[in-house]
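Visitor: Could you look at this predicted model? Sequence included:
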Amino acid sequence: MTEEEQSTTQEQKEFTFLCVVDDSEELSQALRFSCARAKRVGGRVSLLYVIEPAEFQHWASVGDLMREERRAEAEEMLKIVSSVVQKRTGKMPLVFIREGVMSEQLIELIEEEKGISLLVLGAATGAEGPGPLVSYLVQKMAGRLRIPITVVPGSLSDEEIDSIT
């Protein structure tokens, strides 16, 4: 077996936790859980940031500028989150930036990236429910995905997350 084939085989065996990066409060709990589990099993964390399409599409140049701004925001956010993952796990995360509808892009990524082992989502604590992505995936897609979903309650403290990981 060549060195490249060994490397590919090793990557396929590595347990990878996928965490969706957005501006939600529950990201912190999902990320802490993902990092702790990845460190414990010698795995790694993958991060997905989806740039949703702009609703304003009247002028192409304005739309392009808005897309560039959202891309820069995504890259900055992922830079910050990646440094947290690296500090907590000792490994740089795999990073994915996609454009489109969040649920569609997430499902496509899971199907394309066979190395992803588990999806970790944070659940919102508000009266409106766990959040649209959690609701959609658990109610409509859970039986169709090729990987398990772990939903981390947004109300868990860091100490509680640490005790269960």
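Guide: Arrived safely, thanks for sending. What you see is a predicted model, and the numbers here were worked out from it, not measured in a lab. Numbers count the residues shown, from 1 in each chain.
Visitor: Run the chain-centre distance for stretch 44-52.
Guide: Here stretch 44-52 is found 4 Å from its chain centre; the criterion is C-alpha atoms, centre = their mean, to the nearest Å.
Visitor: Show me what counts as buried in it.
Guide: 44, 45, 46, 47, 48, 49, 50, 51 (16 or more other C-beta atoms under 10 Å). The way it works is simple: take the backbone N, C-alpha and C, and place the C-beta from them, glycine included.
Visitor: Report the separation between the first one and residue 76.
Guide: Spelled out, it's residue 44. 22 Å (C-beta to C-beta, to the nearest Å).
Visitor: Same question for the second one.
Guide: For residue 45, the distance to residue 76 under the criterion C-beta to C-beta works out to 18 Å.
Visitor: buried sites along the longest helix that the chain contains?
Guide: Ranked by residue count and defined by DSSP state H, the top helix of the chain is helix 60-89. Using 16+ other C-beta under 10 Å as the test for burial, helix 60-89 gives 66, 70, 74, 77, 78, 81, 82, 85, 88, 89.
Visitor: Not counting sequence-adjacent ones, nearest residue to the second one?
Guide: I take that to be residue 70. Distances taken as C-beta to C-beta, 6 or more residues apart in numbering place residue 51 nearest to residue 70, at 4.8 Å, with adjacent residues excluded.
Visitor: CA atoms only: put stretch 145-160 into PDB for me.
Guide: Output in PDB follows, covering the C-alpha atoms of stretch 145-160 (Å, rounded to 0.1, in the frame of the first residue of the first chain):
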ATOM      1  CA  LEU A 145     -29.500  10.500   6.600                       C
ATOM      2  CA  ARG A 146     -26.600   8.000   6.400                       C
ATOM      3  CA  ILE A 147     -25.200   9.300   9.800                       C
ATOM      4  CA  PRO A 148     -26.600   9.800  13.300                       C
ATOM      5  CA  ILE A 149     -27.600  13.200  14.600                       C
ATOM      6  CA  THR A 150     -26.700  14.400  18.100                       C
ATOM      7  CA  VAL A 151     -28.800  17.300  19.300                       C
ATOM      8  CA  VAL A 152     -27.100  19.200  22.200                       C
ATOM      9  CA  PRO A 153     -29.500  21.100  24.400                       C
ATOM     10  CA  GLY A 154     -28.700  24.800  24.300                       C
ATOM     11  CA  SER A 155     -29.400  25.000  28.000                       C
ATOM     12  CA  LEU A 156     -26.500  22.800  29.000                       C
ATOM     13  CA  SER A 157     -23.600  24.400  30.900                       C
ATOM     14  CA  ASP A 158     -20.000  23.900  29.900                       C
ATOM     15  CA  GLU A 159     -19.600  21.700  33.000                       C
ATOM     16  CA  GLU A 160     -22.600  19.600  32.100                       C
END
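Visitor: Great, nothing more from me.
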